[in-house]
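In: This is a predicted model, with the sequence first.
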Amino acid sequence: MASYIRQHSSESASVPSSTSDPLANIPIPSFLTSVSDKSITWFYTTAALVVALLVLEQSVYRYKKKHLPGSTWTIPIIGKFADSMKPTMEGYMAQWNSGALSAISVFNIFIVMASSNEYSRRILNSPNHAEPCLVYSAKQILMPDNWCVVFLTGKVHVEYRRVLNTLFTRKALGIYIAIQDSITRKHLNDWLTDAAKNPSPKSIMMTARNLNMHTSLRVFCGNHIPEHGAVEISEKYWDITQALELVNFPFAIPGTKVYKAIQARKAAFYWLELAAHKAKEAIASGAEPECMLDEWVKEMESPSYKGRKDFSDREMAMVVFSFLFASQDAMSSGLIYGFQHLADHPEILAKIREEQYRVRAGDVDKPMTLEMIAESPYLMAFVKESMRVKPPVTMVPYKTTKPFPISADYTVPTGSMVIPSFYNSLHDAEVFPDPDSLIPERWLDPESSANTNPRNYLVFGSGPHKCIGIEYATMNMGLVLATASVMMDWEHVLTPESDKVQIIATLFPKDGCLLKLSPRPRP
Ligand code: HEM
């Protein structure tokens, strides 16, 4: 090809004036012929550079990948970009099943996927080699200066978590559960009122998300946010969820998902900063804590408190926002699958009801307490099992900060993404016999393989960044499902997509879980 171009260009320069081509008689100014020579040189140089870069890209990929399973060649420049735009469980399963460690590349980011329990746990528990890495859009939405716990590592991270742990003590959870109960009842009553007006089946995708958001906002901020502020955050938060896809248009240009998410974050921040300010005022005036922010301010006043005390309104708002960010999608996923699983397994729902009638002594209006949660082992076993079968978070991206000798024969290069997956650990047939079936009983026997292998239960991660909200999240799911079980009946209207999974940062039933609701007669 190159030689053809060279020949062709020299021929046209020597075309005799007597040819039949009329254009041949037009004299070509010398400056034009020299430009054409130059462009040919440019063409060769550029082509050679592009070819060299493409060869380099493939060589680097193959050098990093070594013997790991994965395509031998990566698609130039974009790699597996198309797959990551529309992730499917089937696609992930194929990748995980290809090996305990496997390699892919997306936009020249070299990625090692870990599917086994051993390798997944090794990534989560090797803070000297790997640290959490949020998708690019998440950083833009959370703000680069957000000192949120996920971005911290080492000693600073440990100290910071120590402060935040005080927000999830039993005393604090005791304050939150009363709020959770009243918000949940209000929402479930609204669901029933809507169902009475229009009994056709409805997806609980948004109603469950709103319930979670409203609960979280009131638990975190109490009444320091007015109702219209809470509604505004709740409505705009969906823009944030949509911007959290693995791959997104990276520039925050008006109209893009990331731009909309940043606007939603700004609106949320206005109210959260105000709430932090009001919490400080309330505690200073001698009020007792009524929400997480109050509890935090009060805790800092305690003589036994050793940590930092000078948290600004903005810093406190950042913490609350990062809690919303970490919890909203995962809790909604857990809750929606909880409703779906119970509707599809009436025998399990019947046992939960029986336990709840007993715990409440037949009084379905009795608000849930921590003691009542402790007296509901079957309920809590169901919550644990439901998230094992459909883990809200199936994987979390980490990145290597230095060469990471993850196995005897493979070292992940610095700057790579390493992604531990939880699904295989949670569906390991040796630990969870009949792994795809929903069997809450497996958590009731202390000697069961499920209980004696806690290392496999990776729903909340593992290691220094393990979820800080485990008790709050599981308690909330238990409370909502238990209260729903005594307040209403629900029927799952099956569609061809009910058992298919949609991945929007976390897992959801593809049809959004269509339920027909009706009030349940009192016992
Ligand atoms: C069903 C609900 C939830 C699930 C499945 C879940 C799952 C997870 C997972 C998998 C991680 C990463 C762990 C790791 O890297 O090892 C995580 C981290 C985190 N979660 Fe949750 N989470 C849930 C609810 C919550 C709630 C309700 C809150 C706060 C109130 C919360 C706050 C956090 C925070 C702050 C982190 C980062 C911790 C750190 O980096 O030190 N999560 N969560």
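Out: Great, that's in hand. Numbers count the residues shown, from 1 in each chain.

In: and residue 420, that's in a strand?
Out: Yes - membership of residue 420 in a strand is supported by DSSP: H, G, I helix; E, B strand; the rest coil.

In: Excluding sequence neighbours, find me the nearest residue to it.
Out: residue 120 (3.4 Å; Cβ to Cβ, 6 or more residues apart in numbering). C-beta: built from backbone N, CA, C; applies to glycine.

In: Summarise which helices and strands the host helix or strand of the one you found is packed against.
Out: Using DSSP states H and E, residue 120 sits in helix 117-124. Judged by 3 or more Cβ pairs under 8 Å, 6 or more residues apart in numbering; DSSP states H and E, helix 117-124 is in contact with strand 109-114, strand 404-407, strand 417-420, helix 423-426.

In: quick one: that helix near the ligand?
Out: Yes - judged by Cβ under 6 Å from any ligand atom, helix 117-124 and the ligand are in contact via residue 124.

In: Identify all contacting residues around that helix.
Out: Under the contact criterion Cβ atoms under 8 Å, 6 or more residues apart in numbering, helix 117-124 has outside partners 100-101, 114, 130, 396, 398, 406-407, 418-422, 424-425, 428, 455-456, 458, 461-463, 465-466.

In: which among those residues are in contact with the ligand?
Out: For the ligand, the contacts drawn from those by Cβ under 6 Å from any ligand atom are 396, 461-463, 465-466.

In: how about the helix holding residue 120: buried residues?
Out: Buried residues in helix 117-124, defined by neighbour count with 16 or more other Cβ atoms under 10 Å: 117, 119-124.

In: So which residues on the stretch 401-523 of the chain come close to the ligand?
Out: Contact residues (Cβ under 6 Å from any ligand atom) of the stretch 401-523 of the chain with the ligand: 459-463, 465-469, 472-473.

In: Which of the residues you listed fall in helices?
Out: 472-473 (DSSP state H).

In: Let's see the PyMOL selection covering just the buried ones among the residues of the stretch 401-523 of the chain next to the ligand.
Out: To isolate the buried subset of those in PyMOL, counting by 16+ other Cβ under 10 Å, use the following:
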select buried, resi 459+460+461+462+465+467+468+469+472+473
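
In: Strands along this structure, start to end?
Out: Listed in chain order, the strands of the chain (DSSP state E) span 101-106, 109-114, 130-132, 202-203, 398-400, 404-407, 410-412, 417-420, 488-492, 501-504, 506-509, 514-519.

In: Output those as TSV; include the columns mean pLDDT, distance to residue 296 and mean neighbour count.
Out: Shown next, in TSV, are these (pLDDT from 0 to 100; distance: least, Cβ to Cβ, whole Å; neighbours: other Cβ atoms under 10 Å):
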stretch	mean pLDDT	distance to residue 296	mean neighbour count
strand 101-106	90	39	23
strand 109-114	92	36	23
strand 130-132	91	23	21
strand 202-203	96	36	18
strand 398-400	93	29	23
strand 404-407	97	36	18
strand 410-412	97	38	20
strand 417-420	95	31	24
strand 488-492	97	35	18
strand 501-504	88	31	17
strand 506-509	93	27	23
strand 514-519	98	37	18
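
In: returning to that earlier point: let's have the residues of the stretch 401-523 of the chain next to the ligand in a markdown table, adding pLDDT.
Out: Converted to a markdown table, these look like this (pLDDT from 0 to 100):
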| residue | pLDDT |
| --- | --- |
| 459 | 98 |
| 460 | 97 |
| 461 | 97 |
| 462 | 97 |
| 463 | 95 |
| 465 | 93 |
| 466 | 95 |
| 467 | 95 |
| 468 | 94 |
| 469 | 95 |
| 472 | 96 |
| 473 | 97 |
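
In: what's the closest of the residues of the stretch 401-523 of the chain next to the ligand to residue 134?
Out: Comparing those against residue 134 with Cβ to Cβ places residue 465 closest, at 11.4 Å.

In: do you know how far that closest one is from residue 204?
Out: Residue 465 sits 30 Å away from residue 204, going by Cβ to Cβ, to the nearest Å.

In: show me the contacts for the residue nearest to residue 357 when sequence neighbours are not counted.
Out: Of all residues not flanking residue 357 in the chain, residue 523 sits nearest, at 5.6 Å (Cβ to Cβ, 6+ apart). By Cβ under 8 Å, 6+ apart, the contact set of residue 523 is 357, 362, 364.
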